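**Student:** the sequence and its predicted three-dimensional model are supplied below.
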Amino acid sequence: MGNCLSGNGETRGGNDAFVPTNTSNNTVEQEEHVEKEEHDVQALRRRRLGKNNRARPIESIIRVGSRVFRPDPFPSHSNKAQDGVPNGHLEQHKASTYDHVHQMVNTGIETYHRKHSSGVEDAQFDPEHVKHLSGKVGLVNMGNTCFMNSSLQCLSNTIPLTDYFLGYDYKSEINHENFLGTGGVLSTAYCELIKHLWLGSEQQYKPRQFKMKLEQFAPQFKGYDQQDAQECIASLLDGIHEDLNRVKRRPYIEEKDCDGTNDTADSIEAWSNYLLRNRSIIVDMFQGQLRNTMTCRNKSKISPDGTCGCGHRNVKFDPFMYLSLPISSRCNTLDDCLELYCEEELLEGDEMWYCPKCEAHVEATKKIDLWMLPPILIIHLKRFKFNSTGERLKIDKDIKYSLKDWDLSVMKKSSSGLYPLYELYAVSNHCGNVGFGHYTAQAKNRFDGEWYDFNDASCQKIDPRKVNLGHGSTAYCLFYNRVERRTHSNNNFTTNTIIRRQSTNRPELWPHLQRSKIVEWTSVRSDDLNFIFGGEAAENDQLEKE
């Protein structure tokens, strides 16, 4: 493999890099070699663009569904074919993860570019050039849309989500009955945008059609006023979830009050109840669980331990899609912000809590804990606040955050589930002040592992050390992958994030449980299993297209 061009035009030597035989002509020959490769790349791009520099329609690569074929562990003696599959050889199963989609997309991107590289012979086609084009496309600012561009670049580099829209049959999961969604309009527009960023040949793309569909779902983004990137991310993910919710009819679930004496079982029941109403790629990928504990601090009563209050506690387990962390003067690291978020808070005055035991509004303490963490963890730093006069201000506090091996085992209070080790892959930045600010993004590319800066239509390769990635006053939204699998290849370690498909009838895939935990769960909540796995759940499983 010869030298290939990186995203910023620098040459990167391969195993068969060009080596001049005449050392006196090193500089001239190397320059000629680079110039020839640059010319080849530009010619390839021009062929893809076609006549009059008009881009061809972006087709889809081959899409797969939720079913995979695996060897039959109990092969039959019959050699009869059933549904086109020889009996005793392979059996069709519902996939428990999206690994088959990821593998197909990795291969499919190269295949797609090879197919659409008209005029380029197979012998001249270099898959490394494809990898240097994919995902490195700028987004044109259409008038104060940098907030949207930054958000989209971070989500585009969320590889499991991008793979879902590039290689999964997502249209089979569109919920046309959900009035909270768009009937698939927003998700389809997002899919088309992702195809331009990863399968297109342009160096920049104008997301005009996508913005129109986003405005239809979230009217607050109409026009060209500056908006908030975190709100854009939250609205888009919420819209995609409603579009692709696999639950066709949502049952009514009565909220249960817990007292904190059986958190493990209560949290599992809360998650199973949540899945009765919400199952989508967004739930699979981004959603975790918090433990919210309210404790009565009624000053007129003294509990047995001598503290104020009647002793009543109310515990709820709530899903979350991102964590919005506060910043104070004592916060220097991301861990400091997370500790502040989980600090116990006293509710008094106008914020008093209604205690069902006291039957009155009383002072109370509120405590939030991380219980279950998702495969993709989005952190929002609350850099904007209102002062006493109602003026919106920005907190320009330098915050240090981990690029890799961010260990959250101390902060995660549940002892079950996977080990919470995370690696940064994208950042949405905000520079300037409230009135005159600008959003950019930085993201790690899936193919070359390098970091790139996305400043609207511009995409440039960066050195994380030179741009001080890992600390600063501009980081606004941080995107982390959970590290579950490391692959060793050519002395390099790559990390993979496994996305487990959440379903009411596959509790072994829930974040709380492994297969060995199912018996324990059955013994703890046997009376509830009939409700959880029967009734509404069974009906929804029939309606769900998985």
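**Tutor:** Received it, and whenever you're ready, just let me know what you need.
**Student:** in this structure, where is pLDDT below threshold?
**Tutor:** Counting by pLDDT under 70, the chain shows low-confidence ranges at 1-57, 69-90, 116-132, 485-495, 514-546.
**Student:** hey, which strand is longest across it?
**Tutor:** strand 421-432 (DSSP state E).
**Student:** return the list of helices and strands in contact with it.
**Tutor:** When contacts are defined as 3 or more CB pairs under 8 Å, 6 or more residues apart in numbering; DSSP states H and E, strand 421-432 sits against helix 146-156, helix 229-244, strand 406-407, strand 437-444, strand 475-482. Any C-beta I mention is one placed from the backbone N, CA and C, and that applies to glycine too.
**Student:** now the angle between helix 146-156 and that strand, please.
**Tutor:** Using axes from the mean of the first three to the mean of the last three CA atoms, to 10 degrees, the direction of strand 421-432 lies 170 degrees away from that of helix 146-156.
**Student:** ok, strand 421-432: who's next to it in the sheet?
**Tutor:** Paired neighbours of strand 421-432 in the sheet (DSSP bridges): strand 406-407 (antiparallel), strand 437-444 (antiparallel), strand 475-482 (antiparallel).
**Student:** thinking again about what came up before, closest to residue 461 out of the helices and strands packed on strand 421-432?
**Tutor:** Set against residue 461 and scored by CB to CB, the helices and strands packed on strand 421-432 come closest in strand 437-444, at 10.7 Å.
**Student:** contacts for the closest one?
**Tutor:** 146-147, 149-151, 153-154, 156-157, 226, 229, 394, 424-432, 450-456, 462, 467, 469, 476 (CB atoms under 8 Å, 6 or more residues apart in numbering).
**Student:** list buried members of these by neighbour count.
**Tutor:** Neighbour-count burial (16 or more other CB atoms under 10 Å) is assigned, among the contacts of strand 437-444, to 146-147, 149-151, 153-154, 156-157, 229, 394, 424-430, 450-456, 469, 476.
**Student:** hang on, residue 285 in a helix?
**Tutor:** Yes. Counting by DSSP: H, G, I helix; E, B strand; the rest coil, residue 285 is found in a helix.
**Student:** what's around it, how many residues?
**Tutor:** Residues lying near residue 285 (other CB atoms under 10 Å) number 21.
**Student:** and for residue 380?
**Tutor:** Neighbour tally, residue 380, other CB under 10 Å: 19.
**Student:** residue 366 too?
**Tutor:** Using other CB under 10 Å, residue 366 has 15 neighbouring residues.
**Student:** wouldn't residue 285 be in contact with residue 378 here?
**Tutor:** No. Using CB atoms under 8 Å as the test, residue 285 is too far from residue 378 to be in contact (10.2 Å).
**Student:** what segments of the stretch 401-546 of the chain are strands?
**Tutor:** Here the stretch 401-546 of the chain has its strands, by DSSP state E, counting those that start in this stretch, at 406-407, 421-432, 437-444, 451-455, 458-462, 471-472, 475-482, 485-489, 492-496.
**Student:** contacts for the fourth one?
**Tutor:** Strand 451-455 is touched from outside by 7, 136, 138-139, 149-150, 153, 440-445, 459-464, 467, 469, with contacts defined as CB under 8 Å, 6+ apart.
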